[in-house]
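1. here you go, sequence then predicted model.
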Amino acid sequence: MTPGGPIAVLVVEDDRVVAEAHAAYVARVAGFAVSGIAHTAREALRHLDREQVDLVLLDMGLPDLPGLDVVRTMRGHGHAADVIAVTSQRDLEMVRSAVSLGVVQYVLKPFVFPTLRDRLESYRAYRETLVGAAEADTQAQVDSVLARLRPSTAPAVPKGMTEDLLGRAAATVREAGEPLSAAELGDVLGVSRVTARRYAEHLVESGRVRRGHRYPGIGRPEVTYEWDGRA
């Protein structure tokens, strides 16, 4: 990161569709730029050897090397980029190990844009606090710097909705490859059509999903939901 420049982020994710979505999320947050996308640990380490990277958004379940080993290898090669771990595993032992390796944030998949945005904004505030500071004068100053890494406790999703189900809804629509009705989305998620429609409409309002219509030939057209490739 050059003074006044954006924070360079390397997105590491083996699922290509998910990787593109995460990169799009990063690009939407002011002060951040996508340095590259890697789908394996090997690709990620090669990129780190070639480019200046400030932050790695690291999938912990890569096919060629576990995420924790990727962080260990990074440090062994002298790469000082910070890491935000991304995983669908709920194993708290992995969380403990990640923290011990200096991972600054830990995000559970599937997540929605506000979740990552909050983590990135907290990380940016943390870095800005460190700019030009050589040492801390007080314990309070140290505490203040570390507190910047904690995201806001404000809910990332509307009242009555859960972040986990919203993330699953977004992932289902994104990976479907074709428009889904609320009933079809509900069948996949295991929820009612009304609940599925509420989540789908929220995704429309947030600009990640576009609404369409399906004409069955008889009766009223059916509303459908499709991932917006620009999201």
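-> Here it is on my side, so go on. Numbering: from 1, shown residues only.

2. leaving out sequence neighbours, find the closest residue to the most centrally placed residue in the chain.
-> The residue lying closest to the centre of the chain (C-alpha atoms, centre = their mean) is residue 116, at 4.5 Å. Distance criterion C-beta to C-beta, 6 or more residues apart in numbering; nearest residue to residue 116, sequence neighbours excluded, is residue 25 at 5.0 Å. Yep, even glycine has a C-beta here, placed from its N, CA and C like the rest.

3. show the pLDDT at that neighbour.
-> With respect to pLDDT, residue 25 scores 90.

4. same check on residue 88?
-> Reported pLDDT for residue 88: 77.

5. is it true that it touches residue 61?
-> Yes. With contacts counted by C-beta atoms under 8 Å, residue 88 reaches residue 61, the gap being 7.1 Å.

6. of the two, who's got more company?
-> Each of residue 88 and residue 61 has its neighbours counted (other C-beta atoms under 10 Å); residue 61 has more, 15 against 12.

7. quick check: that one vs residue 85, distance?
-> 10 Å (C-beta to C-beta, to the nearest Å).

8. how is this structure partitioned into domains?
-> The record's domain split for the chain, according to automatic domain parsing, is 7-147, 163-227.

9. ranking those by mean pLDDT, which is last?
-> Taking the mean pLDDT of the domains of the chain, domain 7-147 comes last: a mean of 84.

10. isn't residue 72 right next to residue 101, touching?
-> Yes. Using C-beta under 8 Å, residue 72 makes contact with residue 101 at a distance of 6.6 Å.

11. what secondary structure does residue 37 sit in?
-> Residue 37 falls in the strand class when you classify it by DSSP: H, G, I helix; E, B strand; the rest coil.

12. what's near enough to touch it?
-> Taking C-beta atoms under 8 Å, 6 or more residues apart in numbering as the criterion, residue 37 is in contact with 10, 11, 12, 13, 19, 20, 23.

13. how many neighbouring residues does residue 127 have?
-> If you count neighbours by other C-beta under 10 Å, residue 127 ends up with 17.

14. same check on residue 128?
-> Neighbours around residue 128, by other C-beta under 10 Å: 12.

15. thinking again about what came up before, which pair of the contacts of residue 37 spans the longest distance?
-> 10 and 20 (14.1 Å; C-beta to C-beta).

16. of the two, which one has the most company?
-> residue 10 (25 against 15).

17. sec struct for that one, please.
-> strand.

18. what are the neighbouring residues in contact with it?
-> Residue 10 neighbours (C-beta under 8 Å, 6+ apart): 34-38, 44, 47-48, 51, 53, 55-57, 81.

19. how far away is it from residue 69?
-> For residue 10 relative to residue 69 (C-beta to C-beta), the value is 17 Å.

20. what's the answer for residue 182, then?
-> Residue 182 is 42 Å from residue 69, by C-beta to C-beta.

21. have a look at those two and say which one is more surrounded.
-> Per other C-beta under 10 Å, whichever of residue 182 and residue 69 has more neighbours is residue 182, with 22 against 14.

22. the nearest residue to the more buried one once chain neighbours are set aside: neighbouring residues, count only.
-> Closest residue in space to residue 182, ignoring its immediate chain neighbours: residue 197 at 3.8 Å, by C-beta to C-beta, 6+ apart. Other residues within reach of residue 197, judged by other C-beta under 10 Å, total 18.
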